[in-house]
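[1] Dropping a prediction and its sequence here:
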Amino acid sequence: MAPLEKAFTSVGTYYQSYGVVLAVLIAGAGLVAVAFGLARAVAPHRPLPAKLTTYECGIDPVGEGWSQSQVRYYIYGFLFVIFDVESVFLFPWARVFVGLGYQAVVEMAIFIGILAAGLLYAWRKGVLTWA
């Protein structure tokens, strides 16, 4: 077999493997669509005012359903996500650290420095203090 024919054959098998994944995704989406459609067609539709109220463990709801939440929770959530992403990049880098050169060390130092500067800025602005 000529090298060019071999290259086209390997590309064909490469795309066939993605074709299988695509077929599974389409079949899964179709199964979910059929299940939702069947549930909608079979389920009884009887709108009542009692069904539109909030269920409070058998007790009649009192007041409004709106409540104010602290923005501080979101800030700590964002910080967790940021440092979680840092660990995703840092752990594999540390695993292959020996085979990397000084350029990789400098790149990781810049990455950690940018995150540290952002954390220092947030701390200086008082974002991390619970009030």
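    Sure, I can see it.

[2] only C-alpha atoms for contact and neighbour calcs from this point on.
    Will do.

[3] So which other helices or strands are in contact with the helix ranked longest in the chain?
    The single longest helix within the chain, with elements called by DSSP state H, is helix 3-42. The helices and strands touching helix 3-42, judged by 3 or more C-alpha pairs under 8 Å, 6 or more residues apart in numbering; DSSP states H and E, number zero.

[4] how close does residue 28 sit to residue 72?
    Distance of residue 28 to residue 72, computed by C-alpha to C-alpha, to the nearest Å: 39 Å.

[5] try residue 84
    18 Å.

[6] Poorly predicted segments of the chain, please.
    Filtered on pLDDT under 70, the chain yields the residue ranges 1-12, 56, 61, 65, 131.

[7] The residue nearest the centre of the chain: which element?
    Nearest to the mean C-alpha position of the chain, by C-alpha atoms, centre = their mean, lies residue 81 at 10.1 Å. If you go by DSSP states H and E, residue 81 is part of helix 72-95.

[8] Identify each buried residue in that helix, please.
    Of all the residues in helix 72-95, those buried under the rule 16 or more other C-alpha atoms under 10 Å are residue 93.

[9] same thing with stretch 34-46?
    Buried, per 16+ other C-alpha under 10 Å, within stretch 34-46: nothing.

[10] care to break this protein down by domain?
    In terms of domains, the chain is parsed into 1-63, 68-131 (source: automatic domain parsing).

[11] Out of those, indicate the one that is most buried.
    Mean neighbours per residue, mean count of other C-alpha atoms under 10 Å, is largest over the domains of the chain for domain 68-131, with a mean of 12.

[12] Figure out how far that domain is from the centre of its chain.
    17 Å (C-alpha atoms, centre = their mean, to the nearest Å).

[13] again with stretch 22-33
    For stretch 22-33, the distance from its own C-alpha centre to the chain's C-alpha centre is 21 Å (C-alpha atoms, centre = their mean).

[14] got the contact list for it?
    Applying C-alpha atoms under 8 Å, 6 or more residues apart in numbering, stretch 22-33 has no contact partners.

[15] got the CA positions of it in CSV?
    Coordinates of each C-alpha in stretch 22-33 appear next as CSV, following Å, rounded to 0.1, in the frame of the first residue of the first chain:
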residue,chain,number,x,y,z
LEU,A,22,-21.7,11.2,17.3
ALA,A,23,-24.1,8.3,16.7
VAL,A,24,-24.2,7.6,20.5
LEU,A,25,-24.8,11.3,21.3
ILE,A,26,-27.7,11.4,18.7
ALA,A,27,-29.2,8.2,20.0
GLY,A,28,-29.0,9.5,23.6
ALA,A,29,-30.6,12.9,22.7
GLY,A,30,-33.3,11.0,20.7
LEU,A,31,-34.1,8.8,23.6
VAL,A,32,-34.4,11.8,26.0
ALA,A,33,-36.6,13.6,23.5
